[in-house]
Structures are given as structure tokens and as C-alpha cells.
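Structure, please.
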Amino acid sequence: MSSSEENISERVGKGRYKATCNFCEILWNRGEPIELESHLANHCSTADSMVIRYFLTKILSNNFEKNKSNKKRKKIDQQKIKRIHLAWTRAFAICGIPWNVIENPFFIEALKETNLFYKPPTRKFLAGHLLEQQLALINQKTDNIFKQYSNLTLDKYILYF
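Residues are numbered from 1 along each chain as shown. Predicted coordinates for the structure are as follows:
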């Protein structure tokens, strides 16, 4: 980053700097270079278009370099896929996430970043088969708990809660 875009006055920690944007005068007391570059690429409303393009290109090329240098990802075995599917089912059901999110291209891309070999389930499979499977598991556990006790009754007051 050249001094014409950001005025870095002093180092305040490992990889952190005190800096001021020369275009809009925003101050960072403990900014990282990537934060400053992101500001110029995406948020500084007074920066020149050449500066914006330069930092957009720099950020995107840095991201590409990181993706290229990632270690090879290993294939996932079927048991692990089942556990991942189950975790997604729980997350979607408990957090109230709409089922169609699982088929959103941005969500799929985020999942692929964690492991290229993971193929997310369809929303029908997630909301249907996997949810029913999880519900059956919960019902079975509940049934086992109730079997441990005898003479359980419901009174009329329980209906109001």
C-alpha cells in the first residue's frame, strides 16, 4: 500500500497500524492493512476511481492466491456426510432458517469453501427425510424417558401452559 492512499503513522502491534485515510480522513487506531485496503476498495466515498480499482484488484487477487494455495481437501466418508446432514437439519429446524436457503447458490458456495467434496442435501431431503428422521429420534428418546416412570397423569391445569 503506498503512502498516497493511506497515511500510516506508526505500528501499534503485530500487523496493526495507526493510520488515516488521505481521502476521507477516517482514523484507525489499530487497523490491519487488509482493513485499510477494504476501506479504499469498498467504503471510501471520496477516493479516486483509479485508487478504488487498484485496491479492488489487489483484494480479489489476494483472495485468488489464498484459494489456490489451500491444501488438497480429502473426500468425506459416508458417516461424516450423515453427521453433517444431521447437523444441518438441527440447525435449520432449531434456528428457524427457511428450508430453501440450503439451495441458495451463495450458501452452497460457502459450504463448498469448507470442503469441495461436500454436496449439501436438497431442501426437500433436508426438510423431509432428514427432519422426519430427527423427529423420530427425538420421539424415541422422549418415549424412553416416559417408560422409566409409572402412573404419570395430566391434570386440567397443565392444559393452560
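
Please make it C-alpha for all contacts and neighbour counts, starting now.
Fine.

What distance do you get for the residue nearest the centre of the chain to Lys119?
With distances taken as CA atoms, centre = their mean, Ala110 lies nearest the centre of the chain, 6.8 Å away. As for Ala110, its distance to Lys119 is 11 Å (criterion: CA to CA, to the nearest Å).

can you count the residues close to the nearest residue to Phe107 once chain neighbours are set aside?
Leaving out its chain neighbours, the residue that sits closest to Phe107 by CA to CA, 6 or more residues apart in numbering is Val101, at 6.9 Å. Val101 is flanked by 14 other residues according to other CA atoms under 10 Å.

With Gln79 instead?
Residues lying near Gln79 (other CA under 10 Å) number 9.

Which secondary structure state does it sit in?
State at Gln79, reduced to three classes by DSSP: H, G, I helix; E, B strand; the rest coil: helix.

Also Trp28?
For Trp28, the assignment made with three-state DSSP gives strand.

correct me, but it touches Arg16?
No. Applying CA atoms under 8 Å, one finds Trp28 not in contact with Arg16, separated by 9.4 Å.

same for the strand or helix carrying Thr89, what does it pack against?
Assigned by DSSP states H and E, Thr89 belongs to helix 78-95. Applying 3 or more CA pairs under 8 Å, 6 or more residues apart in numbering; DSSP states H and E, one finds that helix 78-95 contacts helix 131-147.

List the contacts of the helix it packs on.
With CA atoms under 8 Å, 6 or more residues apart in numbering as the test, helix 131-147 has contacts from 86, 89-90, 93.

swap the cut-off to 7 Å and go again
Residues from elsewhere that reach helix 131-147, judged by CA atoms under 7 Å, 6 or more residues apart in numbering: Thr89.

List the buried residues of that helix.
Neighbour counts using 16 or more other CA atoms under 10 Å place Leu131 of helix 131-147 among the buried residues.

Helices of the chain, start to end?
Shown for the chain, the helices assigned by DSSP state H span residues 33-38, 49-69, 78-95, 105-114, 123-125, 131-147.

Most tightly packed of those?
Stretch with highest mean neighbour count among the helices of the chain: helix 33-38 (a mean of 18; mean count of other CA atoms under 10 Å).

Using PDB, list the CA coordinates for that one.
Extracted C-alpha coordinates of helix 33-38, given in PDB (Å, rounded to 0.1, in the frame of the first residue of the first chain):
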ATOM      1  CA  PRO A  33      -3.600  -3.400   6.200                       C
ATOM      2  CA  ILE A  34      -6.500  -5.500   4.800                       C
ATOM      3  CA  GLU A  35      -9.000  -3.300   6.600                       C
ATOM      4  CA  LEU A  36      -7.400  -0.200   5.100                       C
ATOM      5  CA  GLU A  37      -7.400  -1.700   1.700                       C
ATOM      6  CA  SER A  38     -11.000  -2.800   2.000                       C
END
